[in-house]
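# have a look; sequence and predicted model below, questions after that.
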Amino acid sequence: MLKITLHDGAQREVEAGTSIFDLMKQVKNSLTKTVLAAKVDGETKDLATPLTKDCHVEFLTFGDADGRWALRHTASHILAQAVKRLYKDSNVQLAIGPAIENGFYYDFDIDRQLTTADLAAIEKEMKRIVKENLKLERKEVSRAEALKFFEEKGEGYKVELIHDLPEDATISMYTQGEFTDLCAGPHVVSTGKVKSLKLLSIAGAYWRGDEKNKMLQRIYGTAFEKQEDLDAYLHMLEEAKKRDHRKLGKELDLFSLHEEGPGFPFFHPNGMVIRNELINYWREVHRRYGYQEIRTPIILNRRLWEQSGHWAHYKENMYFTKIDGEDYAVKPMNCPGGMLVYNSKQHSYRDLPLRLGELGLVHRHEKSGELHGLFRVRNFTQDDAHLFVTPDQIEKEIQHTIDLFDEVYQTFGLTYMAELSTRPDDSMGSDEMWEKATNALQGALEHRGLEYIVNEGDGAFYGPKIDFHLRDSIGRTWQCGTIQLDMQMPEKFDLNYIGEDGEKHRTVMLHRVVYGSIERFIGILIEHYAGAFPTWLAPVQVRILPITERHADYAEQLKEKMFARGVRVEVDDRNEKIGYKIREAQIKKTPYTLVVGDQEIQDGTAAVRKHGEKDSETMKADAFIAYIGKKIQTRDGAY
C-alpha cells in the first residue's frame with residue numbers, strides 16, 4: 001500500500017497504480033466536479049496519472065494557476081481539433097498551442113487566410129467538441145514511434161520538434177476523439193470540462209518566434225470554468241480597448257510614434273507635463289528616503305560591458321558603435337556606470353547604506369513585431385537606484401525600499417502583488433552566493449508578512465529579484481517595480497568598504513526601480529485613469545470658458561491668478577456655443593471646467609464643473625483657487 005499525504009496534512013493509503021482521480025473520489029466524491037489537475041510532489045499531473053510511490057498530492061481547481069493552465073491547455077487542443085475538422089481541404093499543419101496568462105493560442109500553417117469572420121464558425125465547432133465530452137487519453141511512445149506517426153500525418157512542425165528531442169526521450173501524445181497531438185500535458189479529464197470559452201483574435205506569428213522562419217496564423221482565445229467569469233473578463237477587455245494608451249495618447253496629444261524612429265517615442269507638450277510631474281515626484285520621494293541622484297554616460301567602452309557580463313549575457317539586446325577605432329556600447333542598463341561612481345573613491349562602513357538614484361536613458365533592441373506603444377519600446381528612462389550596503393543591512397534596506405514602493409503606488413491608487421524570481425539557467429556566480437541572495441530576499445518578504453509567489457528561473461543573470469505586479473482600476477496586472485539582490489557585480493567590480501575593523505569587506509549591491517520605465521509607467525497610468533488624470537498630473541488642470549466675448553477679460557484675470565499659483569490653466573475664448581465648449585472640455589478630460597458670465601463677474605465667482613459630472617457648483621473665485629492649489633500640492637488622487 002502507498003501512503004499519500006494530502007495538502008491539508010491528512011494521509012490516505014491506496015494500492016499502487018491507483019489513479020489520482022480514484023484517490024480524489026475516495027477523499028470526497030464531489031471533488032470530481034471542481035478539481036482539474038493535481039500536483040504530485042510539486043509536479044502538475046493529469047488526474048488519470050497512476051500513483052506509484054509514497055507522495056504528497058495537492059488537488060488543483062480553477063482557482064489555482066496550474067489548474068487554470070490545465071483547462072486552458074485543453075482548450076487549445078479543442079481549438080486545433082476544430083480547425084482540423086472545419087478546414088480539411090486547406091492542408092492544415094499544427095505548430096504549437098500552449099496555455100498563456102488569461103487564455104491560450106494555437107499556431108497554424110494553413111492554405112487559407114483566416115479572418116475574424118472565421119472565428120464564429122471555429123468557436124461553434126469547439127463548443128460542439130466540448131458537448132461531445134471527449135476523454136483525453138495520454139500515451140507515451142518512443143521517439144521513433146512519434147516520428148512515424150506525425151510523418152504519416154504530414155505534420156512537419158511536430159516532426160521538427162521531435163527531432164530536437166534526445167534520442168532516448170520518452171514522448172507523450174494526447175488523443176481526444178479522432179484528434180491526436182504531441183504534448184507534454186497536463187490536461188483535464190475530458191473536453192466537457194471546458195464549459196465557457198471564447199475566441200478573441202487572429203494574428204501572425206513566426207514559427208518559433210524567429211523572423212527568418214515562416215509566418216504562421218495564430219488564433220487567440222480564453223476559457224473559464226463559469227460563464228459569469230468569462231463575461232466579466234470579456235467586459236474587462238472591452239473596457240481595456242476604450243483605455244488603450246495608444247488611442248488616448250493621440251486623442252489627448254500626449255505622444256506619437258513615427259516610422260523614422262520605430263520604438264522611439266516622441267513626447268508632445270501635454271505628455272511632457274505628465275513626464276515631468278512624475279520625475280518631480282520621484283525626486284521628492286527619493287530625497288526624503290535618503291537617496292542622492294547621479295547621472296552616468298549613455299555610451300561606454302566594450303571593456304566595461306565585458307567586465308559586467310552584459311557582453312556575454314545580453315549582447316543581442318544591445319546597440320554598438322566605434323569611437324577612435326574601439327568598440328563601445330549604448331547602455332542597456334545603468335548599473336555598471338553606478339558601480340564606477342561608487343568605486344571613484346574609497347568608502348567606509350559609515351557611508352553605508354549608500355543610495356544612488358539615476359533617471360538613466362537606456363536603449364535595448366526589441367524585435368519590430370514586439371514593439372507596442374509605450375509598453376515595449378527601444379529607448380526608455382529607467383528610474384534606477386543602486387544601493388550599496390553591508391551584509392547585515394540587506395534586510396533592513398529591502399524593507400526600507402518596500403516602504404518607498406508602498407508610498408509611491410498608493411499615490412496612484414495602485415495595489416500590488418509580489419513575486420520572487422530565482423536563478424535562471426543563463427546565470428553567473430556560485431551556488432552558495434545564489435542561495436544566500438535568494439534566502440535574503442525570501443526572508444525579507446516573510447518577515448514583512450507579504451504574500452508572494454515564486455517564479456522559478458526568472459531572476460536576472462546576476463541575481464534573484466522581487467518583482468512588484470501592480471493591479472490597475474480594471475483588475476489588470478503590470479510588472480513595474482523590482483528589487484534585485486546582487487552579490488556578483490560587487491565581485492566583478494571589486495566593490496568594497498572599510499569596516500569597523502579597519503579591513504576591506506565586500507559590498508553588497510541592490511538594484512531597484514519603482515516606475516520601471518517612465519515611458520511604460522505613463523502608458524499604464526493612461527489606461528489606469530482612462531486618460532482622466534488626477535488634478536496634479538493633468539496636462540491642463542483648469543479650463544475657463546467665457547460665455548461670450550465680453551466675459552473674456554474676467555476669464556483672463558482668473559487665469560493670471562491661477563497661473564501665479566502654479567496652476568496649469570487655459571482660457572477657451574473661441575466664438576463657439578458654451579455647450580459645445582463644455583463638451584469639448586469633458587472630451588479632453590480636463591479636471592475642472594469654469595464657466596463665467598455676467599452673474600459670475602458681478603459676484604466674483606465661477607460655475608465649477610468637475611470632469612465626469614453633469615452639475616456645476618458656484619464658488620467664489622478665490623476659494624476655488626485655494627482649493628485647487630491644495631489638491632495639487634497634496635497630490636490628491638481624487639477630483
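Happy to help now that I have it.

# now do the residue nearest to residue 504 when sequence neighbours are not counted, the pLDDT please.
Counting by C-beta to C-beta, 6 or more residues apart in numbering, residue 496 is the residue found nearest to residue 504 once chain neighbours are left out, at 4.5 Å. No exception for glycine: its C-beta is placed from N, CA and C like everyone else's. In the prediction, the pLDDT value recorded for residue 496 is 96.

# residues near the nearest residue to residue 136 once chain neighbours are set aside, how many?
Closest residue to residue 136 apart from its sequence neighbours, by C-beta to C-beta, 6+ apart: residue 187 at 4.6 Å. Other residues lying near residue 187 total 29 when counted by other C-beta atoms under 10 Å.

# tell me the secondary structure of residue 187, please.
coil (DSSP: H, G, I helix; E, B strand; the rest coil).

# that one against residue 173, yeah?
No: under the criterion of C-beta atoms under 8 Å, residue 187 makes no contact with residue 173, lying 11.5 Å away.

# any common contacting residues for these two?
Shared contacts of residue 187 and residue 173 (C-beta atoms under 8 Å, 6 or more residues apart in numbering): residue 138.

# please enumerate the helices of the stretch 1-150 of the chain.
20-27, 65-86, 116-132, 143-153 (DSSP state H, counting those that start in this stretch).

# alpha carbons of the last one, as PDB, please.
Just to be clear, that refers to helix 143-153. Extracted in PDB, the C-alpha atoms of helix 143-153 (Å, rounded to 0.1, in the frame of the first residue of the first chain):
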ATOM      1  CA  ARG A 143      10.900   8.900 -30.400                       C
ATOM      2  CA  ALA A 144      10.800   6.600 -33.400                       C
ATOM      3  CA  GLU A 145       7.100   5.900 -32.900                       C
ATOM      4  CA  ALA A 146       6.300   9.600 -32.600                       C
ATOM      5  CA  LEU A 147       8.200  10.500 -35.700                       C
ATOM      6  CA  LYS A 148       6.500   7.800 -37.700                       C
ATOM      7  CA  PHE A 149       3.000   8.900 -36.500                       C
ATOM      8  CA  PHE A 150       3.400  12.600 -37.300                       C
ATOM      9  CA  GLU A 151       5.300  12.000 -40.600                       C
ATOM     10  CA  GLU A 152       2.400   9.900 -41.800                       C
ATOM     11  CA  LYS A 153       0.000  12.700 -40.700                       C
END
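
# please name every helix or strand in contact with that helix.
Contacts defined by 3 or more C-beta pairs under 8 Å, 6 or more residues apart in numbering; DSSP states H and E place helix 143-153 against helix 156-163, strand 170-176, strand 179-182.

# buried residues, it. List them.
For helix 143-153, the neighbour count (16 or more other C-beta atoms under 10 Å) marks 143, 146-147, 149-150 as buried.

# and for stretch 267-278?
Under 16+ other C-beta under 10 Å, the buried positions of stretch 267-278 are 267, 270-271, 273-275, 277-278.

# same question for stretch 596-603.
596-597, 600-601.

# just the closest of the buried residues of helix 143-153 to residue 122, please.
residue 150 (22.6 Å; C-beta to C-beta).

# wait, isn't the closest one in contact with residue 182?
Yes: with contact defined as C-beta under 8 Å, residue 150 counts as touching residue 182 (6.6 Å).

# got any residues that touch both of those two?
Common neighbours of residue 150 and residue 182 (criterion: C-beta under 8 Å, 6+ apart): 158, 162.

# returning to that earlier point: check contacts around the residue nearest to residue 504.
Contacts of residue 496 (C-beta under 8 Å, 6+ apart): 347, 490, 504-507.

# 10 Å instead, please
For residue 496, the contact set (C-beta atoms under 10 Å, 6 or more residues apart in numbering) comprises 342-343, 346-347, 490, 503-507.

# any idea how far it lies from residue 507?
6 Å (C-beta to C-beta, to the nearest Å).

# just residue 322 next, same as before
Applying C-beta to C-beta to residue 322 and residue 507 gives a distance of 33 Å.

# now residue 297
Residue 297 is 22 Å from residue 507, by C-beta to C-beta.

# more neighbours: the two, which one.
Between residue 297 and residue 507, counting by other C-beta under 10 Å, residue 507 is the more crowded of the two (27 against 12).

# these two touch, right, the more buried one and residue 346?
No: counting by C-beta atoms under 10 Å, residue 507 sits too far from residue 346 to count as a contact (11.3 Å).
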